[in-house]
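> starting from these lines, generate the structure:
(chains A and B)
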Amino acid sequence: MIRSLIYSITFHSILVILTILSLPFMLRDPIDLPPIVSVELIQISDETSIPFAPKARKIIEETKKKEERLVSEQAPPAAKAKEKPDRIPLPEEKKEKKQIIKKKQNPEEIKPEIRQASEFEKKKIIDTNQIAALIDKAKEEEVVKQKKIDKITQSSRKNSFATGLTLSQEDALRAQIFGCWSVPLGLPYNENLLVRIKLELKKDGTIMKSEILDHQRMNRPGQKFYKVLAESALRAVRLCQPLKVPPTGYDKWKELQLNFNPTEMLKG
Amino acid sequence: MKKLIFILIINILSINKSFALIEIDITRGNLDPLPIAVSPLHVDIKSENYNGIKIKSLGEDISEIIENNFRSTGLFNPLKKEAFVQKPDIAHLKPRFEDWRLIKAQALVSGKLLIKNGKLKVEFRLWDLAAAKEMTALAFTTTPSNWRRVAHIISDKIYERLTGEEGYFDTRIIYVAESGPKNLRIKKLAIMDQDGANTKYLTLGNELVLTPRFNPTNQMVTYMSYFRNMPRVYLLDIETGTQEVVGNFPGMTFAPRFSPDGKKIVMSFAKDGNSDIYTMDLDTRLVERITDHSSIDTSPSFSPDGKFIAFNSDRSGLQQIYVMRSDGSEVKRVTFGNGIYGTPVWSPRGDLIAFTKMRKGKFYIGVMRTDGTGERLLTENYYQEAPSWSPNGRVLVFYRETKSGTKGEGFSAKLWSIDITGYNERRLQTETDASDPSWSSLLSK
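Numbers count the residues shown, from 1 in each chain, chains lettered A, B, ... in the order given. You can find the predicted model right below:
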């Protein structure tokens, strides 16, 4: 009986010590002095990061453990194809200008009575009620547009409990990339054009490695639009660096995946 | 038991290493045009003089045309040359990327040219400045007098590389040049480059000409002209200047347009107050009646695959747009909105139909899906009509008449373009008043 009790106490003690030692907050880096933060207006939604207050932190950590999904669920990062050395094809293309020869006219008399047969009869109507209606309509459209933008902001937000960034941190990062990404406006809105980029970051937010997760698609025939979008997304992250990452929790965000999806914007 | 404990310990130790990969969805970006630097092309010192061409400024002239083309799209923002740090003679070799990034450029166009033995050779490179790598590089050889076309072709190649869709700069627009008072209007066929340069008049103005339309496969044009007070459809070969009447109909023929393969013409034929749609095979001259209805059917336009025809008809009372199979079967009304719809034109991409709409005394140019859904009115004005698509289906050119006098007397007709997003409305410069534009396909295809 005593022997079993000793075994039990010993193993439980080991477990408790190991648990304490391995909890994330025990490994957290000491808090550095925060870097100079530039002021940026960020739209913050009704959701806040209040649950991350110290008292609630333990509860959230427990929830997080339950909800964590394995990294292996992600598509395996494909090997990056070697870029072809820059080569400059110099095809000799002859461009012959096409000569325009003036046509001789038939000496037919002009018939002034013949006027262009328009599909519509022109009407000179200035309707003030209609102008007022148009102004009202424009206002309504503006409100609808604003609602739509808000909706997009909300829907594009993933559950920050799962991501390891607070909503404000995630918003700051998202807002930074919004500003850097020049969306190619000629893209079709009805094609599946989701570009996923995996980033490996340094502690200061500069990019160590960037990888397009479906980069083989770029070189497939008929995927010009995907290639253009992927290149624009890569340009955006490069222009944005150093990314506005939190001063702490490097282990959580040293690898990031950005999903660029312009569909909502292109639909207008 | 020991194994279980071991697994338990390993699991506990690995807890803090197994954070899920953070995913962030980026669904918005900025809509500002892409900042691009177009460095003047470097003129090789071995270049020889060529009749009528200012060789020293040729590099700058070409880059200016490229800049103007880009600016007109609304998708690019060519940066001012005063801000450039690197000179063209160095830039065309290997740009100092950091210098160009300093002025907020995201892409750079550099190149050089040489005129030797009566030939102009132009090379250009497009650089991705953020990635510090070359995106494309090409060279062209041509007669020096073609230098404007070379600039347009370079613009097309860069546009295609940066947007994924075909360019539309090496194209022409045919239109009706108008002059004189409204009741005694002289109308000539005229053709110009899409940027308004190189205007040429194809007729002298003795006859009234209307609705010129390009063949989508070559430089043939069909148009309508009056012969003895009777409108007839003509075919004109721009390259040879020869023209002929299409068919010998007893009544009026009007609103002609080519089929996508250029082998047929679809048009309206009117007799006794009723008009229907007909096609004519240009090789065999066989005429086929497509619609047979007591209403007025006109303005037919083929879909790019040739399987359907869009047209307008007043069979439901008001004039609306209908779509049918190219043999005339399965006629389906596609517009149900308030107002009158006309001049349907199928996009070369096949996804949209452009149209003119009249409602409460205002004219609108709009686009909709081919089933009539998703109607978007792009522009509104006192009077405007006749939309024509750029070959890549991204831009529409149309004409607009405006009242020039305070009391509404007099008017002026000009060509305008607008892209399918409804932004970037621009007036095309023409020497005279202009109407009924039609955009050609790419000349260098």
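> residue A:13 should be in a helix, yeah?
Yes: under DSSP: H, G, I helix; E, B strand; the rest coil, residue A:13 falls within a helix.
> check it and give its pLDDT.
pLDDT, residue A:13: 92.
> cool, residue B:73 as well?
Residue B:73 is given a pLDDT of 89.
> what mean pLDDT does stretch A:255-268 get?
Stretch A:255-268 comes out at a mean pLDDT of 83.
> nope, stretch B:135-154 is what I meant
Stretch B:135-154 comes out at a mean pLDDT of 91.
> tally of neighbours for residue 264?
Picking chain A for this. 16 (other CB atoms under 10 Å in any protein chain shown). For the C-beta atoms, the positions are set from N, CA and C on the backbone; glycine is no exception.
> I was thinking of chain B, sorry if that wasn't clear
Other residues close to residue B:264 by other CB under 10 Å number 20.
> spatially nearest residue to it (excluding sequence neighbours)?
residue B:279 (5.0 Å; CB to CB, 6 or more residues apart in numbering or on different chains).
> quick one: the one you found from residue B:119, how far?
45 Å (CB to CB, to the nearest Å).
> please apply the same query to residue B:437.
34 Å.
> higher neighbour count, those two?
More neighbours surround residue B:437 than the other of residue B:437 and residue B:119, with 24 against 15 (other CB under 10 Å).
> was I right about that one contacting residue B:175?
Yes: here residue B:437 reaches residue B:175: they are 4.3 Å apart, a contact under CB atoms under 8 Å.
> can you check which residues contact both of those two?
B:399, B:415 (CB atoms under 8 Å, 6 or more residues apart in numbering or on different chains).
> residues touching the residue nearest to residue B:264, list them.
Counting by CB under 8 Å, 6+ apart, residue B:279 has contacts B:259, B:264, B:265, B:266, B:267, B:287, B:288, B:290, B:326.
> need the next SSE after whichever strand or helix holds it, C-terminal direction.
Using DSSP states H and E, residue B:279 falls within strand B:274-281. As assigned by DSSP H and E, the chain's next helix or strand after strand B:274-281 is strand B:287-289.
> in the sheet, which strands lie alongside that following strand, parallel or antiparallel?
strand B:274-281 (antiparallel) (DSSP bridges).
> what is the least confident helix or strand in chain A?
Every helix and strand of chain A was ranked by mean pLDDT, DSSP states H and E. The lowest is strand A:94-95, at a mean of 43.
> ok, whatever residue of the stretch 251-400 of chain B ends up closest to chain A to residue B:396 distance?
Residue nearest to chain A within the stretch 251-400 of chain B: residue B:361 (3.2 Å; CB to the nearest CB). Plainly put, residue B:361 is 22 Å away from residue B:396 if you go by CB to CB.
> okay, those two: which has more neighbours?
residue B:396 (27 against 14).
> let's verify that one: helix, strand, or coil?
Under three-state DSSP, residue B:396 comes out as strand.
> next, count neighbours for residue B:312.
Neighbour number of residue B:312 under other CB under 10 Å is 26.
> err, residue B:54, not the other one
With other CB under 10 Å as criterion, residue B:54 counts 10.
> how about it, nearest residue that isn't a chain neighbour?
Residue B:54's closest residue in space is residue B:61 (CB to CB, 6+ apart), at 7.6 Å.
> count of neighbours near the one you found?
So residue B:61, with other CB under 10 Å, has 17 neighbours.
> so what touches the helix or strand that contains it?
In this assignment (DSSP H and E), residue B:61 forms part of helix B:55-73. With CB under 8 Å, 6+ apart as the test, helix B:55-73 has contacts from B:36, B:38-43, B:47-49, B:54, B:76-78, B:88, B:109, B:112-113, B:115, B:122, B:147-148, B:150-152, B:154-155, B:158-159, B:169, B:195, B:395, B:417, B:419, B:424, B:426.
> which ones among these are found in helices?
B:88, B:147, B:148, B:150, B:151, B:152, B:154, B:155, B:158, B:159 (DSSP state H).
> so what's the fifth one up against?
Right, residue B:151. B:61, B:62, B:63, B:65, B:66, B:69.
> which pLDDT value goes with residue 107?
Let's take chain A. 39.
> nope, chain B
Looking at residue B:107, the pLDDT reads 93.
> measure it to residue A:235 for me?
When residue B:107 is compared with residue A:235 (using CB to CB), they lie 9 Å apart.
> mutual contacts of those two, please.
The contact lists of residue B:107 and residue A:235 share residue B:128, where a contact means CB under 8 Å, 6+ apart.
> confirm residue A:168 sits in a helix?
Yes: the assignment for residue A:168 (three-state DSSP) places it in a helix.
> ok, now how distant is it from residue A:244?
Taking CB to CB, one finds residue A:168 at 11 Å from residue A:244.
> which one's more surrounded, these two?
With neighbours defined as other CB under 10 Å, residue A:168 and residue A:244 compare such that residue A:244 has more, 19 against 16.
> for the more buried one, what are its contacts?
A:172, A:173, A:176, A:205.
> touching, residue B:291 and residue B:328? I think so.
Yes: if you go by CB under 8 Å, residue B:291 and residue B:328 touch, sitting 5.7 Å apart.
> quick one: low-confidence ranges for the chain?
The chain I'm using is chain A. By pLDDT under 70, the low-scoring segments of chain A are A:24-164, A:190, A:267-268.
> wait, chain B was what I had in mind.
Flagging of chain B using pLDDT under 70 yields the residue ranges B:1-4, B:6-19, B:91, B:247-248, B:404-410, B:445.
> how is it carved up into domains?
B:34-163, B:172-439 (automatic domain parsing).
> so which of these is nearest residue A:251?
Proximity to residue A:251 (CB to CB) singles out domain B:34-163 among these, at 28.1 Å.
> got the buried residues for the strand or helix carrying residue B:312?
Using DSSP H and E, residue B:312 maps to strand B:308-316. Within strand B:308-316, the residues that count as buried by 16 or more other CB atoms under 10 Å in any protein chain shown are B:308, B:309, B:310, B:311, B:312, B:313, B:315.
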